[in-house]
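Participant: Any chance you could fold what I've pasted below:
(2 chains)
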There are 2 protein chains.
Amino acid sequence: MVKRISIGLLGMGVVGGGVARIISEKSDLLERQIGAKLDLRGVLVRNQNKPRSFQLPEDMFVDSPQSILEDSNVDIVVELMGGEEPALSYILNAVSNGKHVVTANKEVMAKHGPAIFAAARKRDVRVLFEASVAGGTPIISPLMRDLVSNDVKSIKAIINGTTNYILTRMANEQADYDEVLQEAQALGYAESDPTNDVQGIDASYKLAILSTLAFRAQVKNTDVHYEGITRLTAQDFLYSDELGYSIKLLAISTRVDNQVQARVHPALIDKSQMLAKVDGVLNAVEVETDLTDSVMFYGPGAGEMPTTSAVVADIVNIGRNVAGNAAFLDPVRLSDQITVQPMSELISEYYLRLEAKDQPGVLAKIASVLAGNGISISSFLQKGSNQQKGTAEMVIMTHEAREEAIQNALDSIGNLDVVANIGNMIRVVN
Amino acid sequence: MVKRISIGLLGMGVVGGGVARIISEKSDLLERQIGAKLDLRGVLVRNQNKPRSFQLPEDMFVDSPQSILEDSNVDIVVELMGGEEPALSYILNAVSNGKHVVTANKEVMAKHGPAIFAAARKRDVRVLFEASVAGGTPIISPLMRDLVSNDVKSIKAIINGTTNYILTRMANEQADYDEVLQEAQALGYAESDPTNDVQGIDASYKLAILSTLAFRAQVKNTDVHYEGITRLTAQDFLYSDELGYSIKLLAISTRVDNQVQARVHPALIDKSQMLAKVDGVLNAVEVETDLTDSVMFYGPGAGEMPTTSAVVADIVNIGRNVAGNAAFLDPVRLSDQITVQPMSELISEYYLRLEAKDQPGVLAKIASVLAGNGISISSFLQKGSNQQKGTAEMVIMTHEAREEAIQNALDSIGNLDVVANIGNMIRVVN
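Facilitator: Next comes the predicted model:
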């Protein structure tokens, strides 16, 4: 008789529907790959009558989490509800009941990953979470397994498809943020409340997960400095382009000795870099290490079927061990101690866009403030002037400077009577 | 007492030296990741007195393979000799003695992979081979684990660093092949006998390995059609560039139903494609599937430390299971039956460069031969003329046509009295 592995599904949204569909439509392939048949045993949903893209027998739906979490026949709980609670409680509950867990939940993994790993180790079950970062693009498993002999120096990633879509359209159409956001919402690429995406919060969760694995030490979401894309204008794209840069919302995490610096913000990145060429909703994670120099993983970061691909891969990899009665050893081994370097200590080059009075001596005043903060200018562009207001737009590129110095300089520049407005400050990433 | 896992190394060239070095220099990290200490027990070398980049105690070297293959204390044999024999015999010998094997040997894996997997399954040991394709860039493990729920439609890859380096320089410098090859040899990027690389043989081995895993069915190196880069000229790069294409040596394998078509040849690829942007010695593998659309793995394809990274990852992943007394389940599960589609049935667009008499009616004659073979022209460029010879260079781009028709047409065109010479035929890859 063919062995069966029972799956309990928590949540039946877009990805849940995809997982149920693939377990059914690819049952032969999955059975050959696992050595056992996957058996969807129950699906927790809030509303049993909601229309769904994939039809399941009605008796499959349950409305009490206990019917899955306490069902002794369920081998693997697949959590696809999203959000911190009750997802976290359900995951911990499943683990303490001796069930393996597969989750796509970036918020839970970013905030509670190491606690979950510890609980799972105690019960000798596994929690896999490939779908939590970069959707269908493999990155979690490569960090845990394939790059295991490397010491990671940095991660540079585009891990939010919504913002990358918006920035790509702003770049291609010289359009402003608000306009493109509305179109993205109309097309379903941005949510009606886009805060989590456009403010960099979603990317900060994902960067915390990647950094924890890469640096083998807990990096919490609260350790990640984040800024969103809402201040970017069509001008920023125009001037950056002229200077040879693209603008991307980058998630960057850098390790120097036992300090890590993790940040999400819009960045100017040289057009010749591969990351600068990642357009639309696609994601890419570039990992710089001591042994491999740099490797990049590129592909879809979201979507029903790509995310389903990652979830089902985790199910198969756990399933193989369940089917083979072999222990699934913990691939996450956190052993390092690191501290977080404050953002004020960042060293970077900067792009500054200012609106200032169109008169002699203005640049001298601004340059003098910068110099007073130890910041030197690498290039300067004077742009279109507003004759009515008597102002001109200026773009200043700095050499490497300390974030704290830039912030102090911007405070002082904002107070100069010749400066009408500080348009934007964008960090340059090399 | 800390558990020890004993490693026997076959070969101590560039990568062997790197593996020995990392096992020593990163012993603490590796012990934490594995849960046991790696113990290098013996190294088979041909010449014990050869100077090496990494020093080992003299009694570590052995000159008889039996001292490693039959040492009951050796847990993992690491084969880094290269070439078909005696590497294949040693691998099979190690397996039949119940040892796990890690190898970087693309030739052995391309020619004998499935036979080796079967032997390993019988003895319940594993043979891992991440380093055999794309060096430090993870691709074998992602295909076996992370993309396991996908049906792969195609692979498009740049998996030979030497040729990609040569082609990148030819493109950037408008230089001819012979000149760049000599410089590449002087710099150590090409071997003194470059045949395996420049004729596409090396890439054909790697494509056979990738195709076998992607399509879950044996694809042998002899199933791969291959052509090299030696006929490319500076003109081909010039004209391709004008038409919006880069030229890359692509390894392509496509599945339609139960037929696979696998080929390595220079190809015109639209400059907007990510693969077109892979320059220098770097490698990239793009995998198109039913669920993820397209994912790409990009990074170093060779070199001491990148390849060492992949070899040591395989050692760690086997080592974790040895240390945990847990069965390491076979990640390679070949279950499909496929047949190979002959190259003559390929459907492609083509670039043709011809030298023909510079006189009226020539294009009509050539177009008529093409039309007679069912091939229609999509664009035509007349290029620089050689007044002394009375000839001009012509570039013809075709719509999709059958390979057999193109080959027949080229035979006939070559026989036209108005055609002095068929410069090149290059397939276009979309």
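Participant: Report how many residues lie close to A:Q66.
Facilitator: By other CB atoms under 10 Å in any protein chain shown, the residues close to A:Q66 number 12. Using the backbone N, CA and C atoms, a C-beta is placed for each residue, glycine as well.
Participant: Please report how far it lies from chain B.
Facilitator: A:Q66 sits 29 Å away from chain B, taking CB to the nearest CB, to the nearest Å as the criterion.
Participant: Please identify the residues of the stretch 201-350 of chain A in proximity to chain B?
Facilitator: Within reach of chain B by CB under 8 Å from any CB of the partner chain, the stretch 201-350 of chain A has these residues: A:274, A:277, A:289-300, A:305-306, A:308-310, A:312-313, A:316-317, A:320-321, A:324, A:326-329, A:331, A:333, A:335.
Participant: Inside helices: which ones of those?
Facilitator: Among these, the members falling in helices (DSSP state H) are A:M305, A:P306, A:T308, A:S309, A:A310, A:V312, A:A313, A:V316, A:N317, A:R320, A:N321.
Participant: and the third one, how far is that from B:V295?
Facilitator: For A:T308, the distance to B:V295 equals 14 Å [CB to CB, to the nearest Å].
Participant: between those two, what contacts are shared?
Facilitator: Common contacts of A:T308 and B:V295 (CB atoms under 8 Å, 6 or more residues apart in numbering or on different chains): A:G136.
Participant: now the helices: where do they sit in the stretch 301-430 of chain A?
Facilitator: Taking DSSP state H, counting those that start in this stretch as the criterion, the stretch 301-430 of chain A carries its helices at A:304-323, A:362-372, A:403-415.
Participant: Report the buried residues of the shortest one.
Facilitator: By neighbour count with 16 or more other CB atoms under 10 Å in any protein chain shown, helix A:362-372 contains the buried residues A:V362, A:L363, A:K365, A:I366, A:V369, A:L370.
Participant: now that helix, how far from the chain's geometric center?
Facilitator: Between the mean C-alpha location of helix A:362-372 and the chain-wide mean there is a distance of 37 Å, by CA atoms, centre = their mean, to the nearest Å.
Participant: ok, residues contacting it?
Facilitator: A:354, A:356, A:376-377, A:380, A:394, A:396, A:398, A:409, A:412-413, A:416, A:418-419.
Participant: Out of the residues you listed, list just those in strands.
Facilitator: Among the contacts of helix A:362-372, the members falling in strands (DSSP state E) are A:L354, A:A356, A:I377, A:F380, A:M394, A:I396, A:T398, A:V419.
Participant: pLDDT of stretch A:293-308, averaged?
Facilitator: Regarding stretch A:293-308, the rounded mean pLDDT is 96.
Participant: Figure out the length between the terminal residues of that stretch.
Facilitator: End-to-end distance of stretch A:293-308 (CA to CA, to the nearest Å): 31 Å.
Participant: So the helix or strand where A:D39 lies, near chain B or not?
Facilitator: Assigned by DSSP states H and E, A:D39 belongs to strand A:37-44. No. Strand A:37-44 stays clear of chain B (CB under 8 Å from any CB), getting no nearer than 10.4 Å.
Participant: Roughly how far does A:V224 sit from chain B?
Facilitator: 25 Å.
Participant: Give me the pLDDT for that residue.
Facilitator: With respect to pLDDT, A:V224 scores 98.
Participant: doesn't A:L207 make contact with it?
Facilitator: Yes. Applying CB atoms under 8 Å, one finds A:V224 in contact with A:L207, separated by 5.3 Å.
Participant: the helices in the stretch 1-150 of chain A, which residues?
Facilitator: Under DSSP H, counting those that start in this stretch, the stretch 1-150 of chain A gives helices at A:14-25, A:27-34, A:66-69, A:87-96, A:106-123, A:140-141.
Participant: Outside of the fourth one itself, list whatever touches it.
Facilitator: When contacts are defined by CB under 8 Å, 6+ apart, helix A:87-96 is touched by residues A:8, A:10, A:65, A:68-69, A:77, A:79, A:81, A:101, A:103, A:105, A:107-108, A:111-112, A:116, A:119-120, A:123, A:125, A:127.
Participant: buried stuff in the worst-scoring helix or strand of chain A on mean pLDDT?
Facilitator: Every helix and strand of chain A was ranked by mean pLDDT, DSSP states H and E. The lowest is strand A:377-386, at a mean of 89. Buried residues in strand A:377-386, counted by 16+ other CB under 10 Å: none are found.
Participant: which strands and helices sit next to it?
Facilitator: helix A:234-243, helix A:362-372, strand A:391-398 (3 or more CB pairs under 8 Å, 6 or more residues apart in numbering or on different chains; DSSP states H and E).
Participant: Which stretch among these approaches B:A262 most closely?
Facilitator: helix A:234-243 (40.7 Å; CB to CB).
Participant: one step back: can you list residues touching both of A:V224 and A:L207?
Facilitator: Any residue near both A:V224 and A:L207 by CB under 8 Å, 6+ apart counts here, and that gives A:A251, A:S253, A:A262, A:V264.
Participant: Can you tell me the centre-most residue of chain A?
Facilitator: The centre of chain A sits closest to A:A203, judged by CA atoms, centre = their mean, with a distance of 3.2 Å.
Participant: residues contacting that one?
Facilitator: By CB under 8 Å, 6+ apart, the residues touching A:A203 are A:A157, A:I159, A:N160, A:T163, A:Y226, A:L249, A:A251, A:V264.
Participant: Next, the angle from the helix or strand harbouring A:I269 to strand A:391-398.
Facilitator: Element membership of A:I269, judged by DSSP H and E, is strand A:259-270. Angle of strand A:259-270 versus strand A:391-398, following axes from the mean of the first three to the mean of the last three CA atoms, to 10 degrees, is 130 degrees.
Participant: how far out from the middle of the chain is strand A:259-270?
Facilitator: For strand A:259-270, the distance to the chain centre is 12 Å (CA atoms, centre = their mean).
Participant: Going by neighbour count, list what's buried in that strand.
Facilitator: Buried residues in strand A:259-270 (16+ other CB under 10 Å): A:V260, A:Q261, A:A262, A:R263, A:V264, A:H265, A:P266, A:A267, A:L268, A:I269.
Participant: Stretch A:33-53 too?
Facilitator: Quick answer for stretch A:33-53 (16+ other CB under 10 Å): A:33-38, A:40-45, A:52.
Participant: For chain B, state which of the contacts of helix A:362-372 is nearest.
Facilitator: Nearest to chain B, judged by CB to the nearest CB, of the contacts of helix A:362-372 is A:T398 at 28.8 Å.
Participant: Any figure for the gap between the closest one and A:G374?
Facilitator: Counting by CB to CB, the gap from A:T398 to A:G374 is 10 Å.
Participant: cool, and A:F297?
Facilitator: Counting by CB to CB, the gap from A:F297 to A:G374 is 38 Å.
Participant: higher neighbour count, the two?
Facilitator: A:F297 (26 against 11).
Participant: Quick check: that one touching A:L275?
Facilitator: No. With contact defined as CB under 8 Å, A:F297 and A:L275 do not form a contacting pair (11.4 Å).
Participant: intersection of neighbour lists for the two?
Facilitator: With CB under 8 Å, 6+ apart, A:F297 and A:L275 have common neighbours A:A284.
Participant: For A:T339, name its beta-bridge partners.
Facilitator: Following DSSP bridges, A:T339 is listed with bridge partners A:Q259.
Participant: tell me the contacts of A:N415?
Facilitator: Contacts of A:N415 (CB under 8 Å, 6+ apart): none.
Participant: Model confidence for it, exactly?
Facilitator: pLDDT for A:N415: 96.
Participant: for the stretch 151-300 of chain A, what spans make up the strands?
Facilitator: For the stretch 151-300 of chain A, the strands defined by DSSP state E, counting those that start in this stretch cover A:152-158, A:224-226, A:245-256, A:259-270, A:282-289, A:293-300.
Participant: Could you give me the buried positions within the third one?
Facilitator: Buried positions in strand A:245-256, judged by neighbour count with 16+ other CB under 10 Å: A:Y245, A:S246, A:I247, A:K248, A:L249, A:L250, A:A251, A:I252, A:S253, A:T254, A:R255.
Participant: what's the spacing between A:N150 and chain B?
Facilitator: 6 Å.
Participant: if I pick that residue, what's in contact with it?
Facilitator: Applying CB under 8 Å, 6+ apart to A:N150 gives the contacts A:T289, A:D290, A:L291, A:T292, B:S309.
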